[in-house]
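Colleague: have a look at this prediction, sequence included:
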Amino acid sequence: MPQLQFSIQQTDNASAARAGTIITDHGTIQTPIFMPVGTVGSVKAITQQQLQTDVQAQIILGNTYHLYLRPGIDILNRAGGLHQFMGWNRPILTDSGGYQVFSLAAQRKIKEEGVTFQSHIDGSRHLFTPENVMDIQRNIGADIIMAFDECPPYPSDYVYAKNSMRLTHRWLDSCIARLAETPDLYGYTQNLFPIVQGGTYNDLRRASAEYIASKNTAGNAIGGLSVGEPEEIMYDFTALCCSLLPYNKPRYLMGVGTPWNILEGIALGVDMFDCVMPTRNGRNGMLFTSKGVINIKNKKWACDFSVIDEGIPALVSNYYSKAYLRHLFAANEILALQIASLHNLSFYLWLVAEARKQILQRNFYAWKQDMVLILKQRL
């Protein structure tokens, strides 16, 4: 079956930002786009109906590591894949589990064959190889599947970063070979995105981006950033990777980030983003708004009966006031987590939609410069 299609409708007049369209068998995605993270087949505190109608999510993420452990691949296969299992008929991307294995540093062992790790659920031991990670993602049934990679920590010394990058490239070759000998499942196309690694070394990042580009896959990802390095370093390496990755393929910056990180990434030529921040921070009372960042638990909001984000009247979260949401957090009501998560996700999707609008008008860079300063404010 043919791989996903990507086209660019417009580019910005003063940055590398572009407005594009990705067509998958489960629907069309307008870029730049933010992808809510549904690690175990659920975006925390948000129903699939809310994702579709209120958040207006066009694509969501699942995670290979977590879905493999629970509910397990057999159940997902019997259900007809993750789309059927969770009742979501729009595109899904699955992370390969490389980052989760990276985060389990004390419980895993990396070797040429793959990674042996210990389950965080019951302590059982498992092996991820490039081949079985492709098989697992086939069975999960995502529209976009990520190559298995090693995500080196920050900081990493040069030798470690170089060896890690080379291992990631060898694993990529194994992923490509495995996909070539196995069919798409469930009657639709499953598209591979390789991942650029190389730590924070220019020559390694350049070599990795060039190697990944040579594989001519449906799209490409930039990994190993937003793992503790300063923002400016993240931007520098994002710019380098975007300058080397194919212009006519979607570019995905993994695990990024704050609203201002996303706008800066768009300006550098990135099309796709994901991050747990809107839901995780929302559950802790941090709200991202068009006027800046709010800690809704602060007493200053106790008698503020204005809507949550006056700058974006259309947000469904504006049914509620700041005072009411603060009250829910103070009372430990579950509804507080839902409203805050719904707000942050809706805001993120509004932000990338507005960025797209500005790109189409060829006014993105000027708008971004003003917007970044506003979004960083603490209210």
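Modeller: On my side now, so go ahead. Residues are numbered from 1 along each chain as shown.
Colleague: what's the burial count for the closest residue to Asn63 other than its chain neighbours?
Modeller: Leaving out its chain neighbours, the residue that sits closest to Asn63 by CB to CB, 6 or more residues apart in numbering is Thr39, at 4.6 Å. Yep, even glycine has a C-beta here, placed from its N, CA and C like the rest. Thr39: 17 surrounding residues under other CB atoms under 10 Å.
Colleague: OK, contacts around Thr39?
Modeller: By CB atoms under 8 Å, 6 or more residues apart in numbering, the residues touching Thr39 are 61-63, 66, 276.
Colleague: against Tyr99, how distant is it?
Modeller: According to CB to CB, to the nearest Å, Thr39 stands 11 Å off from Tyr99.
Colleague: what does Leu335 give?
Modeller: Taken as CB to CB, the span from Leu335 to Tyr99 is 31 Å.
Colleague: comparing the two, which shows the higher neighbour count?
Modeller: Per other CB under 10 Å, whichever of Leu335 and Tyr99 has more neighbours is Tyr99, with 21 against 14.
Colleague: which residues does the nearest residue to the more buried one once chain neighbours are set aside contact?
Modeller: Excluding its sequence neighbours, the residue lying closest to Tyr99 (CB to CB, 6+ apart) is Cys151, at 5.2 Å. Cys151 makes contacts with 98-99, 102, 197, 223-224, 227, as judged by CB under 8 Å, 6+ apart.
Colleague: I'd like the contacts of Thr39 as a markdown table, with secondary structure, pLDDT and distance to Asp122 appended.
Modeller: Below are these laid out as a markdown table (DSSP: H, G, I helix; E, B strand; the rest coil; pLDDT from 0 to 100; distance: CB to CB, whole Å):
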| residue | secondary structure | pLDDT | distance to Asp122 |
| --- | --- | --- | --- |
| Leu61 | strand | 97 | 24 |
| Gly62 | strand | 97 | 21 |
| Asn63 | strand | 95 | 18 |
| His66 | helix | 94 | 13 |
| Val276 | coil | 96 | 23 |
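Colleague: can you lay out those as JSON lines showing distance to Leu240 and neighbour count?
Modeller: Below are these laid out as JSON lines (distance: CB to CB, whole Å; neighbours: other CB atoms under 10 Å):
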{"residue": "Leu61", "distance to Leu240": "25", "neighbour count": "21"}
{"residue": "Gly62", "distance to Leu240": "29", "neighbour count": "26"}
{"residue": "Asn63", "distance to Leu240": "27", "neighbour count": "22"}
{"residue": "His66", "distance to Leu240": "31", "neighbour count": "18"}
{"residue": "Val276", "distance to Leu240": "26", "neighbour count": "14"}
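Colleague: out of those, which is nearest to Gln369?
Modeller: The closest of the contacts of Thr39 to Gln369 turns out to be Val276 (CB to CB; 27.2 Å).
Colleague: right, and that closest one touches Gly38 too?
Modeller: No - counting by CB atoms under 8 Å, Val276 stays clear of Gly38, with 10.2 Å between them.
Colleague: where's the residue most central in space within the chain relative to Lys111, distance?
Modeller: Centroid-nearest residue in the chain: Asp274, 2.0 Å away (criterion: CA atoms, centre = their mean). Going from Asp274 to Lys111 by CB to CB gives 28 Å.
Colleague: again, but for Asn89
Modeller: Using CB to CB, Asn89 is found at 40 Å from Lys111.
Colleague: equivalent analysis for Gly20, please.
Modeller: 39 Å.
Colleague: the more surrounded of these two?
Modeller: Shown here are Gly20 and Lys111; by other CB under 10 Å, Gly20 has more neighbours (23 against 10).
Colleague: right, and the helix or strand after the helix or strand of the chain with the lowest mean pLDDT?
Modeller: Using mean pLDDT, DSSP states H and E, helix 98-103 stands out as the lowest-scoring helix or strand of the chain, at a mean of 72. Tracing the chain past helix 98-103, the next element assigned as helix or strand by DSSP states H and E is strand 108-110.
Colleague: direction included, what does that following strand pair against?
Modeller: Its sheet considered, strand 108-110 pairs with strand 115-118 (antiparallel) by DSSP bridges.
Colleague: just the helices in the stretch 51-200 of the chain please.
Modeller: Using DSSP state H, counting those that start in this stretch, the helices of the stretch 51-200 of the chain run over 64-69, 73-79, 82-86, 98-103, 130-140, 158-180.
Colleague: sorry, back to before: if you rank the contacts of Cys151 by neighbours, which is first?
Modeller: Most surrounded of these: other CB under 10 Å gives Gly224, at 33 neighbours.
Colleague: shouldn't it be in contact with Gly198?
Modeller: Yes - here Gly224 reaches Gly198: they are 7.1 Å apart, a contact under CB under 8 Å.
Colleague: show the model's pLDDT score for the residue nearest to Tyr99.
Modeller: Cys151 carries a pLDDT value of 89.
Colleague: for Ile140, see how far away it is.
Modeller: 20 Å.
Colleague: repeat that for Asp236.
Modeller: Where Ile140 is concerned, Asp236 sits at a distance of 34 Å (CB to CB).
Colleague: mind checking which of these two has more residues around it?
Modeller: Remark: of Asp236 and Ile140, Ile140 carries more neighbours, 26 against 17, as counted by other CB under 10 Å.
Colleague: I figured the more buried one hits Asn63, correct?
Modeller: No - when contacts are counted by CB under 8 Å, Ile140 is not listed as touching Asn63 (9.3 Å).
Colleague: intersection of neighbour lists for the two?
Modeller: Joint contacts of Ile140 and Asn63 (CB under 8 Å, 6+ apart) are Thr94.
Colleague: sweet, I'm off.
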